[in-house]
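Chemist: I would like the atomic coordinates for the input below:
(one chain, ligands or ions: 1)
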Amino acid sequence: MKDIEFLIIGSGPGGTSAALKLVQAGRRVLMIERGDFLPKEAENRDSQAVYGERRYRTSERWIDQEGEEFQPWMHFHVGGNAKLYGSAHFRFREADFGEVPYDEGMSPAWPISYSDLASYYDEAEALYRVHGNRSMDASEPTGRPYPYGPLKDEPAISQLKRGLTETGISSFPLPVGVSPGESSGGWETDLAHFDAYPDPSLSKADPEAVALDSLQGGRFELLTKTQALRFLHRDGQVIGLEVEREGQREVLQAERYLCSAGAIQSAKLFLNSGDDGAFANSSGQVGRNYMAHLCSAGSATFKEAVPDKFAKTFGTNHWYQPDRGGCLAGSIQTQGKWDAAQYELEPWTHLDGYDSRQLAEHGLEFFFMTEDLPLPQNRIQLDSGGRLHLHRELSNRALHQQLVDEFGAALAELPTDSLTLRHYRSQLMPVAWCTHQCGTLRFGLDPTTSVLTPDCRAHDLDNLWVLDGSFFPSSSALNPTLTIVANALRVGEKLATL
Ligand SMILES: Cc1cc2nc3c(=O)[nH]c(=O)nc-3n(C[C@H](O)[C@H](O)[C@H](O)COP(=O)(O)OP(=O)(O)OC[C@H]3O[C@@H](n4cnc5c(N)ncnc54)[C@H](O)[C@@H]3O)c2cc1C
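Modeler: Numbers count the residues shown, from 1 in each chain. Next up, the predicted model:
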């Protein structure tokens, strides 16, 4: 493509959402993506292939603060990590945009407010086909209904919700981005393989499903298997992007550059682009303030069988009420529904007297999220060999444990006509679980403490913007993608007028 106006790095939710705004406004966009299209094949729905063999995860190894290598939960494909995500979509609450005090420190305010994103959240929910029932979650920041009604609860989830309501714990249909019943290339929807699986039917609302068709046309080009290596710059301007493509290095040029490689890879690209990490880094904040939520997986084993195939319709913010001055411990949602092969692969779930098949037959799996504080020492660094180091100290740990424990206590008190809890255990997700990564290039009004302006342009460069979750100054305790999409639509709309 000649005369590129905008060069976008990364085809995930952030990059594709901004591209939509630009292409709709008649602008010329080149997008590069280091990965290729994820193959649509039987293994997409095979838990041994997806979880056991990690077929779609990067084989890269990074290094944690103890000097140990780990394989990150990262997926480099067209559509980004959202090819394997759970598609649970929340707006951040109004209070999440202000300062939120925790015992261990302050969650900082954003330079924009909820109202700056509100109309883009509306668009993002429509684009990502979100199904839900807003009226059932008192923490919701708007009364506007979701574009689609809630997905139907299967029997065990219905029983769980009814029982929890009786014990005073409110829940709601988890807002999920999906078009059930969609089929593509001969693949039908299969909700039994949803969260953490790629979806060959394109029913799950990932960027390939919701954005790529609308981008096609003479004004958009996608180069796959093209990895950005470093920005070339002069006098406060990016003047080129060095990339590797089919084993060759070349320089791509555009009027403006939009980085959306994910919060860790974008920070890496910045650190690679200047001597001693000096690129766009007059604040000294590039790569710092890494957050990824404190997350735990939980497994509950009940006396009754749990026949549900798609259990991802339960959410509760009973313990996350930032707007109401109430509890801040975090949010809880169900995972898809694990099968025996997944239980086999998770030794922390194993119980005497149960084999993996019985654990799957009687089990429900939950996911717990607590807000992470932006600690400057939690950072991405590159060593002299270019290897990525990820330093991660946990904050709000006691609060997170409280969330997990209180939910377990609530399950143990379910009334007799609901489910009967036999066993409950959880596991804190390790550093490799960097799926909710954010904060590494935070935005702010003050160029001495932030990397990006409130419009996500680098303070130090005139023609470079960032669209992935790097810009978050705080993480909230809710899934990040809808906010990444809404912000990318906001920034993309502004860029289209330049
Ligand atoms: C198993 C799993 C479950 C999840 N569940 C949820 C959920 O339910 N709800 C939710 O909100 N979020 C969820 N997430 C997180 C969600 O996937 C991310 O928030 C979202 O994908 C971030 O979008 P992004 O565009 O910022 O980055 P990404 O999706 O990471 O996209 C970045 C893209 O850039 C490409 N790239 C990276 N480096 C380069 C380079 N140097 N050159 C060229 N291209 C590059 C990558 O290959 C990738 O395609 C989940 C993630 C996983 C893995």
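Chemist: centre of the chain to stretch 77-88, how far?
Modeler: Computed by C-alpha atoms, centre = their mean, to the nearest Å, the chain-centroid distance of stretch 77-88 equals 8 Å.
Chemist: same check on stretch 104-118?
Modeler: 18 Å.
Chemist: got the buried residues for it?
Modeler: For stretch 104-118, a neighbour-count test (16 or more other C-beta atoms under 10 Å) marks 107-108, 110-112, 114, 117 as buried. For the C-beta atoms, the positions are set from N, CA and C on the backbone; glycine is no exception.
Chemist: and the helices in the chain?
Modeler: For the chain, the helices defined by DSSP state H occupy 13-24, 47, 114-127, 155-166, 207-210, 212-215, 263-272, 340-344, 356-361, 397-412, 481-496.
Chemist: just these: most buried one?
Modeler: Greatest average neighbour count among the helices of the chain goes to helix 13-24 (a mean of 27), per mean count of other C-beta atoms under 10 Å.
Chemist: packing partners of that helix?
Modeler: Counting contacts by 3 or more C-beta pairs under 8 Å, 6 or more residues apart in numbering; DSSP states H and E, helix 13-24 packs against strand 6-9, strand 29-32, helix 114-127, helix 207-210, helix 212-215, helix 481-496.
Chemist: show residues contacting it.
Modeler: 5-6, 8-9, 29, 31, 79-80, 82, 124, 127, 206-207, 211-212, 214-215, 217, 219-220, 258, 260, 467-469, 481, 484-485, 487-489, 491-493, 495-496 (C-beta atoms under 8 Å, 6 or more residues apart in numbering).
Chemist: pull up the gap between S214 and the ligand, please.
Modeler: According to C-beta to the nearest ligand atom, to the nearest Å, S214 and the ligand sit 17 Å apart.
Chemist: what's near enough to touch that residue?
Modeler: By C-beta under 8 Å, 6+ apart, S214 lies in contact with 20, 23-24.
Chemist: same deal with P473?
Modeler: Applying C-beta under 8 Å, 6+ apart, the residues contacting P473 are 108-111, 289, 374, 439, 442-444, 450.
Chemist: which among the residues you listed gets closest to the ligand?
Modeler: G439 (12.0 Å; C-beta to the nearest ligand atom).
Chemist: mind listing what's buried along stretch 129-144?
Modeler: So, applying 16+ other C-beta under 10 Å, buried residues of stretch 129-144: 129-132, 134, 137, 139-141.
Chemist: next one: it to chain centre, how far?
Modeler: A distance of 19 Å separates the centroid of the chain from that of stretch 129-144, by C-alpha atoms, centre = their mean.
Chemist: C-alpha coordinates for that stretch, CSV please?
Modeler: Taking C-alpha atoms only, stretch 129-144 is exported to CSV below (Å, rounded to 0.1, in the frame of the first residue of the first chain):
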residue,chain,number,x,y,z
ARG,A,129,-22.7,-8.2,20.4
VAL,A,130,-23.0,-8.1,24.2
HIS,A,131,-25.9,-10.0,25.7
GLY,A,132,-27.0,-9.2,29.2
ASN,A,133,-29.5,-7.7,31.6
ARG,A,134,-28.3,-4.4,33.0
SER,A,135,-31.1,-4.0,35.4
MET,A,136,-29.9,-6.9,37.5
ASP,A,137,-26.5,-5.4,38.5
ALA,A,138,-26.8,-2.5,40.8
SER,A,139,-23.2,-1.5,40.1
GLU,A,140,-23.9,-0.8,36.4
PRO,A,141,-23.1,2.8,35.4
THR,A,142,-26.0,3.2,32.9
GLY,A,143,-29.6,2.2,32.6
ARG,A,144,-29.3,1.7,28.8
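Chemist: and that stretch, is it in reach of the ligand?
Modeler: No. Using C-beta under 6 Å from any ligand atom, stretch 129-144 stays clear of the ligand, coming no nearer than 10.7 Å.
Chemist: want to throw the buried residues of stretch 104-118 into CSV with pLDDT and distance to D190?
Modeler: Formatted as CSV, the buried residues of stretch 104-118 follow (pLDDT from 0 to 100; distance: C-beta to C-beta, whole Å):
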residue, pLDDT, distance to D190
S107, 96, 38
P108, 97, 41
W110, 98, 38
P111, 98, 42
I112, 98, 39
Y114, 98, 36
L117, 98, 33
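Chemist: the stretch 301-450 of the chain: strands as residue ranges?
Modeler: 314-316, 331-334, 363-370, 380-382, 388-390, 421-428 (DSSP state E, counting those that start in this stretch).
Chemist: equivalent analysis for the stretch 1-150 of the chain, please.
Modeler: 6-9, 29-32, 62-64, 69-70, 100-102, 105-107, 130-131.
Chemist: among these, which is the most enclosed?
Modeler: Ranked by average neighbour count under the criterion mean count of other C-beta under 10 Å, the strands of the stretch 1-150 of the chain are headed by strand 6-9 at a mean of 27.
Chemist: so what are the sheet partners of that one and their directions?
Modeler: strand 29-32 (parallel), strand 256-259 (parallel) (DSSP bridges).
Chemist: adding distance to W73 and mean pLDDT, write those out as JSON lines.
Modeler: Formatted as JSON lines, the strands paired with strand 6-9 follow (distance: least, C-beta to C-beta, whole Å; pLDDT from 0 to 100):
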{"stretch": "strand 29-32", "distance to W73": "23", "mean pLDDT": "98"}
{"stretch": "strand 256-259", "distance to W73": "21", "mean pLDDT": "98"}
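Chemist: figure out which of those is closest to the ligand.
Modeler: strand 29-32 (5.2 Å).
Chemist: in the stretch 151-300 of the chain, which spans are strands?
Modeler: Under DSSP E, counting those that start in this stretch, the stretch 151-300 of the chain gives strands at 172-173, 176-177, 183-184, 187-188, 220-223, 226-234, 237-245, 248-252, 256-259, 294-302.
Chemist: who in the stretch 51-200 of the chain is up against the ligand?
Modeler: Along the stretch 51-200 of the chain, the residues adjacent to the ligand under the rule C-beta under 6 Å from any ligand atom are 73, 76, 80-82, 84-88, 196.
Chemist: residues contacting the lowest-mean-pLDDT helix or strand in the chain, please?
Modeler: When the helices and strands of the chain are compared on mean pLDDT, DSSP states H and E, strand 183-184 comes out lowest with a mean of 87. With contacts defined as C-beta under 8 Å, 6+ apart, strand 183-184 is touched by 189, 200-203.
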